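Novice: Structure for this input, please:
(one chain, ligands or ions: 1)
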Amino acid sequence: MSDKRKRLTTEGGIPVGDNQNSMTAGYRGPTIIQDVHLLEKLAHFNRERIPERVVHANGAGAFGYFEVTNDLSKYTKADFLSEVGKRTEMLARFSTVGGEKGSADTARDPRGFSLKFYTEEGNYDLVGNNTPVFFIRDAIKFPDFIHTQKRDPQTNLKDPDMAWDFWSLSPESLHQVTILYSDRGVPATFRHMHGYGSHTFKWTNAEGESVWVKYHIRTDQGYKTLDEETAVKIAGENPDYKTEDLFTSIEEGDHPSWTMYVQIMPLEDADTYDIDPFDVTKVWPHDDYPLIEVGKMVLNRNPKNYFTDIEQAAFSPGNFVPGIDVSPDKMLQGRLFAYADAHRYRLGANYETLPVNRPKVEVNNYQRDGAMRFDDNGGGSKNYEPNSYDGPVEDPSVKQATYPVSGLADSTPYDHDDHYTQPGNLYRLMSEDEKQRLVSNIVGSMKEVRKEEIQLRQIEHFYKADPDYGERVAQALGLKVPEEVK
Ligand code: HEM
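Specialist: Have a look, this model is predicted:
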């Protein structure tokens, strides 16, 4: 054996004598079970796949840092935002939503924008999208919505009929649908898109004073999109286009960066503002709540191994640090459960101990054992609390900020039901060319809808947002806006 090369071993570290020929009983005899290296190889290969993410399965990611450029400590005591110049290591993962792992990167679909900040007070995850709003605003509708974005149970095909059926029956989706079918629906690359926390969050300062915030993470590469024709062409030629773009640019030293901003709303405005600030289908107009710079994120390190660094990455809106809290947004509340639950299923109970998820700070608690426990499992320390053996104890100074609630426990809808003003405003802001592309993208999909009643119901929503919007879609589909809608 050449001493330059390492000796091949089994998983048990035992040197392997032959990795090219399986062991047989005689020259033409059957393969024998005592070739344990062969057995291990075949068995491990059969177990290479773990469940892909139920949504956002297709993605790419990289490591980097976040640096504070503006002192906002009067709004939040979050340690990683505490002083200008402070740097925090981070991981970002970008994804499409509906497609399976390996599906085309240039699909018309929102893009996931997941950030993990390895702060000195534990991991802060901001698990957002490239759009400031979402299709629905209550977690109870999420599984139904996602089923319409996936495959038909019989044909196993993606089916615009399901998507438009659901959207036309869920008018709160109109804002996000308008963004999705506009130019913004296919970002040119992951590097050329903005990110948003989308939900409203709460920031609390050292004095215990809170504000509502929304995050905007704006690309420094310039905002670019792809038209439908180019996106479809690239999907055929190079489905991994955006993954390749991100990896290659970082490898070549062209490190993408984004500038993070927040909109800040005083707590008391939430009661009087004419838009429900917790409704994730709405934006806060910048005239009312301008963008305030927070810092810059730079991605400068590619994963060493895609599976361990990106596939095993587990982001959760439930990972928030002192100074940052959730809001009563019903989608966000549901997400606090969904992600950690998904990780326990996909990666196992000890997923936070996997290298990419492990916080850069000491972890002290009384959780023990479970499948694949591969740290020291608390060693000989006590596994219960309270105890008399100097075990870890709570710190009341980091309790979440309080929030007054009143009323009946009930299944209560949002009480602001204007689904049309913001999508209408967005439509009216578009140039003539943009409007034409929007309508053409919508019609490209809606013409596949089998039931005319679904098409007409959706046209009604477009019409209510702006009569011209509804008329154009109706005309392009060879239909008429129903008289009773006008
Ligand atoms: C991934 C659930 C809404 C952004 C996921 C995953 C689940 C999930 C189960 C897979 C997690 C995994 O296996 O790693 C939900 C539920 C929602 C919801 C129940 C509504 C109640 C949203 C919204 C956004 C969003 C509103 C953005 C604003 C993402 C992103 C990922 C993801 C970016 C990929 C995370 C990664 O990069 O690993 N979601 N989601 N989701 N979701 Fe959601």
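Novice: all contacts plus neighbour counts: C-alpha atoms, from now on.
Specialist: Will do.
Novice: What does the pLDDT read for S2?
Specialist: For S2, the model assigns a pLDDT of 62.
Novice: Now name the helix or strand holding the residue nearest in space to the middle of the chain.
Specialist: Residue closest to the mean C-alpha point of the chain, counted by C-alpha atoms, centre = their mean, is G112 at 3.7 Å. In the assignment (DSSP states H and E), G112 maps to strand 111-119.
Novice: Do a quick rundown of the strands in the stretch 301-450 of the chain.
Specialist: Along the stretch 301-450 of the chain, counting by DSSP state E, counting those that start in this stretch, strands occupy 324-325.
Novice: Which residues of it lie near the ligand?
Specialist: A314, F315, M331, G334, R335, A338, Y339, A342, H343 (C-alpha under 6 Å from any ligand atom).
Novice: cool, and the stretch 151-300 of the chain?
Specialist: So the stretch 151-300 of the chain meets the ligand at G197, S198 (C-alpha under 6 Å from any ligand atom).
Novice: Smallest distance to the ligand belongs to which residue of the stretch 151-300 of the chain?
Specialist: The stretch 151-300 of the chain approaches the ligand most closely through S198 (4.9 Å), counting by C-alpha to the nearest ligand atom.
Novice: ok, and the closest non-adjacent residue to that residue?
Specialist: Leaving out its chain neighbours, the residue that sits closest to S198 by C-alpha to C-alpha, 6 or more residues apart in numbering is P132, at 4.5 Å.
Novice: for the one you found, what are its contacts?
Specialist: P132 makes contacts with G195, Y196, G197, S198, H199, H216, V280, K282, V283, as judged by C-alpha atoms under 8 Å, 6 or more residues apart in numbering.
Novice: roughly how far apart are it and K464?
Specialist: 22 Å (C-alpha to C-alpha, to the nearest Å).
Novice: thinking again about what came up before, ok, so what distance separates the residue nearest to S198 from T106?
Specialist: 20 Å.
Novice: Next, the contact list for the residue in the stretch 351-486 of the chain positioned nearest to the ligand, please.
Specialist: Nearest to the ligand in the stretch 351-486 of the chain, going by C-alpha to the nearest ligand atom, is Y351, at a distance of 10.6 Å. Going by C-alpha under 8 Å, 6+ apart, Y351 touches A314, H343, R344, N357.
Novice: try K447
Specialist: L477.
Novice: Was I right to think N350 contacts D375?
Specialist: No - applying C-alpha atoms under 8 Å as the test, N350 and D375 come out as separate, 9.7 Å apart.
Novice: Between those two, which is the more surrounded one?
Specialist: A count of neighbours by other C-alpha atoms under 10 Å puts N350 above the other of N350 and D375, at 18 against 11.
Novice: Contacts for the helix-or-strand element of the chain with minimal mean pLDDT, please.
Specialist: Taking mean pLDDT, DSSP states H and E as the measure, the helix or strand of the chain with the lowest value is helix 269-272, at a mean of 94. The contact list for helix 269-272 (C-alpha under 8 Å, 6+ apart) reads D276, P277.
Novice: so how far is that helix off the chain centroid?
Specialist: Here helix 269-272 is found 28 Å from its chain centre; the criterion is C-alpha atoms, centre = their mean, to the nearest Å.
Novice: please begin residue numbering at 47 from this point
Specialist: Understood, numbering begins at 47; the last thing we discussed is helix 315-318.
Novice: Mind telling me the two of the contacts of P178 farthest from one another?
Specialist: G241 and K328 (15.7 Å; C-alpha to C-alpha).
Novice: Thanks a lot, catch you later.
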